[in-house]
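Undergrad: Sequence and computational prediction follow.
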Amino acid sequence: MKNKFYAYIQQLQDQICKGLEDIDGKGFFKEDLWKRPEGGGGRTRVIANGKVFEKGGVNISAVHGKLPDSMQKLFNVGEADFFACGLSLVIHPKSPMVPTVHANWRYFEMYDENGKIINQWFGGGQDLTPYYLFEEDAKHFHETCKTACDKHNPEFYRNYKKKCDEYFWNTHRNEARGIGGLFFDYCKETPEMKMEDWFNFVTEVGNSFLEAYVPIVAKRKDLPFSPEQKTWQEIRRGRYVEFNLVHDKGTLFGLKTNGRIESILMSLPPHVQWVYDHHPEEGSAEEKLIKILENPIDWI
């Protein structure tokens with residue numbers, strides 16, 4: 001399974017990078033291969049200063065070795081070996097009219113002293129973070145997610161949309177990071193879902209990513225915007241940074257397993273503002289977004 005999924009994310013990285021380069025029209029991903037001293041490595045691809053995308057990365061990694069102490073405590077196990085691989089992406093557009101997007105699909109195995117698998121699971125999802133709310137974009141993104149889920153289980157979209165709303169929540173701000181999408185974790189074998197079934201589901205979602213995001217970019221990338229709207233984007237990006245550094249499990253896992261710091265912090269935008277006690281004008285488009293983020297809704 002680990003070889004099969006790693007082969008898949010290598011192919012998916014190529015597919016997504018090409019799709020994003022095509023819609024940008026100017027920027028290209030630069031590749032950086034790296035190795036982890038304890039075992040494994042990755043292929044980081046970063047785009048910067050494109051026509052549409054200000055900064056972004058589409059990264060894959062496969063790491064293995066002894067499970068660090070911090071992760072042993074998290075999983076409530078003793079000494080063990082592990083393998084983890086996944087694709088993680090974050091794309092920050094130049095225009096505040098185009099939403100930031102994040103996605104991740106991953107697979108994890110844990111072994112006993114004889115090398116036998118004692119635990120394995122899939123995780124992942126994809127979510128959208130707009131700066132200005134276009135409801136038709138939100139519906140398109142969620143409908144694409146639902147279509148992928150419905151091919152495997154009619155309950156998946158509702159369950160994983162709810163988990164996404166709960167997970168991407170800045171508790172210290174009492175608001176969502178964005179308008180959600182899907183989030184699933186610890187997807188283990190059950191009588192109803194074998195690991196092969198989970199593989200088929202996760203890859204279905206991965207294959208839907210470009211369909212979910214690129215049409216939104218195409219529709220919004222040439223809209224005009226003001227300096228004030230760009231400032232709002234940078235203020236909202238500050239909330240994105242706060243979530244990633246305070247709450248995000250993937251970031252924390254990378255930092256605690258001696259992951260490659262440049263690849264982990266690739267998710268952070270290049271220009272951010274923190275304005276003291278900032279509140280948008282009453283009745284403004286900015287306030288409309290905040291109200292949705294404070295009370296997530298069903299888009300379908």
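TA: It's in.
Undergrad: With residue 272 as the reference, measure out to residue 234.
TA: 6 Å (C-beta to C-beta, to the nearest Å). Any C-beta I mention is one placed from the backbone N, CA and C, and that applies to glycine too.
Undergrad: ugh, wrong one, I meant residue 21
TA: 25 Å.
Undergrad: pLDDT of the strand or helix carrying residue 84, averaged?
TA: Per DSSP states H and E, residue 84 falls inside strand 81-93. Mean pLDDT, strand 81-93: 96.
Undergrad: All the helices of the stretch 151-300 of the chain, residue numbers only.
TA: In the stretch 151-300 of the chain, the helices defined using DSSP state H, counting those that start in this stretch lie at 156-167, 195-207, 209-220, 227-246, 249-256, 261-264, 285-294.
Undergrad: Likewise for the stretch 1-150 of the chain?
TA: Going by DSSP H, counting those that start in this stretch, the stretch 1-150 of the chain shows helices at 2-24, 69-75, 135-150.
Undergrad: helices or strands up against the shortest one?
TA: Helix 69-75 is packed against helix 249-256, with contacts defined by 3 or more C-beta pairs under 8 Å, 6 or more residues apart in numbering; DSSP states H and E.
Undergrad: hang on, isn't residue 1 packed against residue 122?
TA: No. Proximity of residue 1 to residue 122 does not meet the contact threshold set by C-beta atoms under 8 Å, at 9.2 Å.
Undergrad: so who does the most centrally placed residue in the chain touch?
TA: Closest to where the C-alpha atoms of the chain average out (C-alpha atoms, centre = their mean) is residue 103, at 2.7 Å. The neighbours of residue 103, taking C-beta atoms under 8 Å, 6 or more residues apart in numbering as the test, are 87, 88, 89, 124, 125, 126, 127, 206, 209.
Undergrad: number of nearby residues for the closest residue in space to the third one that isn't next to it in sequence?
TA: Residue nearest to residue 89 in three dimensions, not counting chain neighbours: residue 58, with 4.4 Å by C-beta to C-beta, 6 or more residues apart in numbering. Number of residues near residue 58 (other C-beta atoms under 10 Å) recorded here: 26.
Undergrad: Now for residue 58: which residues touch it?
TA: 13, 16, 17, 20, 29, 45, 87, 89.
Undergrad: Quick one: which of these is the most crowded by neighbours?
TA: residue 20 (27 neighbours).
Undergrad: ok, that residue to residue 113 distance?
TA: 43 Å.
Undergrad: on that earlier part again, quick check: angle from the strand holding residue 84 to helix 209-220?
TA: 20 degrees (axes from the mean of the first three to the mean of the last three C-alpha atoms, to 10 degrees).
Undergrad: Strand partners (parallel or antiparallel) of strand 81-93?
TA: Sheet pairing for strand 81-93, assigned by DSSP bridges, gives strand 53-66 (antiparallel), strand 100-111 (antiparallel).
Undergrad: Quick one: residues in contact with the lowest-mean-pLDDT helix or strand in the chain.
TA: In the chain, no helix or strand scores lower on mean pLDDT, DSSP states H and E than helix 69-75, which sits at a mean of 76. Applying C-beta under 8 Å, 6+ apart, the external contacts of helix 69-75 come out as 67, 78, 79, 80, 82, 110, 119, 253, 256, 257.
Undergrad: Could I have the buried ones of these as ChimeraX selection syntax?
TA: Command for ChimeraX that selects the buried part of the contacts of helix 69-75, burial taken from 16 or more other C-beta atoms under 10 Å:
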select :67,80,82,110,253,257
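Undergrad: Which of the contacts of helix 69-75 sits closest to residue 173?
TA: residue 253 (22.8 Å; C-beta to C-beta).
Undergrad: quick revisit: could you check which of residue 1 and residue 122 has the larger neighbour count?
TA: Neighbours were tallied for residue 1 and for residue 122 using other C-beta under 10 Å; the higher tally belongs to residue 122 (23 against 14).
Undergrad: Tell me the spacing between the residue nearest to the centre of the chain and residue 276.
TA: 33 Å.
Undergrad: go on, residue 189?
TA: Distance from residue 189 to residue 276, by C-beta to C-beta: 50 Å.
Undergrad: which one of those two has more residues nearby?
TA: Neighbours were counted for residue 189 and for residue 276 using other C-beta under 10 Å; residue 189 has more, 13 against 4.
Undergrad: which residues sit in contact with the more buried one?
TA: Contacts of residue 189 by C-beta under 8 Å, 6+ apart are 120, 195, 198.
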